[in-house]
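Undergrad: give me a model of this one.
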Amino acid sequence: ENIGVIWDAFKGLWESKYLLLVKFKQRKGHANVPDSHKEEGLNLGAWLKDQRDQKRKGKLNIRHKERLEDVGVVWDVFKEKWENNYRHLVTYQRREGHANVHQRHKEEGVNLGTWLMEQRKKKKTNKLDISRERLLTKIGIVW
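TA: As a prediction, the model looks like this:
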């Protein structure tokens, strides 16, 4: 080990991909690597997806979980995306005095109008989580 030999190949591969993730975050400002993204020839996105799957199944090494969290990995990307869109909607509502977003309106690159239209469709088909419906209603969404 003192001369740089890695005795555990799995540990070495995990560490090398983790270091690529750190580099990705330093460059992009976040650790949400797209599933198909490659970094230095390695499929970093697929590796991160596998880490999320392992965590969901309760099989991710606790030390790996902690290190991934330290670098800013989001475990539930869909929840994070919804919350981010909601924050944009709140910003819009505070600025404009209403939450009636035009279908084509974008906030910081996020197509807020389309997202809100999707939330309305989900409510109509009883597929919108009640807690999310309440949050949207509270800021003045007209259903």
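
Undergrad: and the helices in the chain?
TA: For the chain, the helices defined by DSSP state H occupy 9-28, 44-56, 62-71, 77-96, 112-124, 130-138.

Undergrad: contacting residues around the second one?
TA: Helix 44-56 is contacted from outside by 17, 20-21, 24, 31, 33-38, 60, 64-65, 68, 73, 75, 77, using C-beta atoms under 8 Å, 6 or more residues apart in numbering. Placement of C-beta: from N, CA and C, glycine included.

Undergrad: let's go with 7 Å and repeat that
TA: Contact with helix 44-56 is made by 17, 20-21, 24, 33-38, 60, 65, 68, 73, 75, as judged by C-beta atoms under 7 Å, 6 or more residues apart in numbering.

Undergrad: next: the first one.
TA: The contact list for helix 9-28 (C-beta under 7 Å, 6+ apart) reads 6, 31, 33, 39-40, 42, 44, 47-48, 64, 67, 71-72.

Undergrad: may I ask which of those residues has the most neighbours?
TA: Leu48 (24 neighbours; other C-beta atoms under 10 Å).

Undergrad: kindly give a single ChimeraX line that selects the buried subset of the contacts of helix 44-56.
TA: A single ChimeraX command selects the buried members of the contacts of helix 44-56 (16 or more other C-beta atoms under 10 Å):
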select :17,20,21,24,33,37,60,68,73
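
Undergrad: of the contacts of helix 44-56, closest to Glu107?
TA: Using C-beta to C-beta, Pro34 is the member of the contacts of helix 44-56 that lies nearest Glu107, at 21.3 Å.

Undergrad: per-residue confidence for the closest one?
TA: Note on Pro34: pLDDT of 90.

Undergrad: out of the helices of the chain, flag the one nearest Arg104.
TA: helix 112-124 (5.4 Å).

Undergrad: name the residues that touch that closest one?
TA: Helix 112-124 is contacted from outside by 85, 88-89, 92, 101-106, 128, 133, 136, 143, using C-beta under 7 Å, 6+ apart.

Undergrad: filter the residues you listed down to the buried ones.
TA: Among the contacts of helix 112-124, the ones that count as buried by 16+ other C-beta under 10 Å are Asn85, His88, Leu89, Tyr92, Val101, His105, Leu128, Glu133, Leu136.

Undergrad: alright, I will stop here.
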